[in-house]
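**Q** 3D model of this:
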Amino acid sequence: MSDENRLGQAVAKAVRAQELVDSEPLTEAFRTLEENYSLAWRATAIDDVTGREKLFLAINIVGKVRDHLNAVVANGKLAQAELKELAQVAERKKRFGIL
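**A** Reported below is the predicted structural model:
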């Protein structure tokens with residue numbers, strides 16, 4: 001697979017990820033899950049170590065999913081910049097007859 005194809009796929013993936021990040025239902029779902037997990041975590045019995053650990057992990061997983069989506073968006077922006085640079089280099093080569 002060429003670099004341009006790989007970069008194009010990264011850009012397309014970033015667009016889809018940005019749509020998810022901007023999606024109100026998904027944003028609300030993340031917020032609701034974190035709130036519910038936090039409330040349940042605080043309500044655990046003092047001797048329920050396993051329950052607290054599972055809820056703590058659940059809270060962190062929600063954050064990791066959000067972070068992953070944001071990383072995909074950031075990678076797509078970098079890929080877009082690389083594609084732009086590749087196009088500019090190709091145009092300069094073409095203009096000066098280097099091709």
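
**Q** skipping adjacent residues, who's closest to residue 34 in space?
**A** Nearest residue to residue 34, sequence neighbours excluded (CB to CB, 6 or more residues apart in numbering): residue 62, at 5.4 Å. Bear in mind the C-beta positions are built from the backbone N, C-alpha and C, glycine included.

**Q** likewise for residue 83?
**A** Closest to residue 83 by CB to CB, 6+ apart is residue 7, at 5.0 Å.

**Q** quick one: contacts for the spatially most central residue of the chain?
**A** Centre of the chain computed as the mean C-alpha position; nearest residue by CA atoms, centre = their mean is residue 69, 1.6 Å away. Neighbour list for residue 69: 17, 20-21 [criterion: CB atoms under 8 Å, 6 or more residues apart in numbering].

**Q** ok, residue 20 next?
**A** By CB under 8 Å, 6+ apart, the residues touching residue 20 are 26, 69.

**Q** what about residue 30, which helix or strand?
**A** Assigned by DSSP states H and E, residue 30 belongs to helix 24-42.

**Q** which elements pack onto that helix?
**A** For helix 24-42, the elements it packs on are helix 49-95, judged by 3 or more CB pairs under 8 Å, 6 or more residues apart in numbering; DSSP states H and E.

**Q** kind regards, and thank you for your time.
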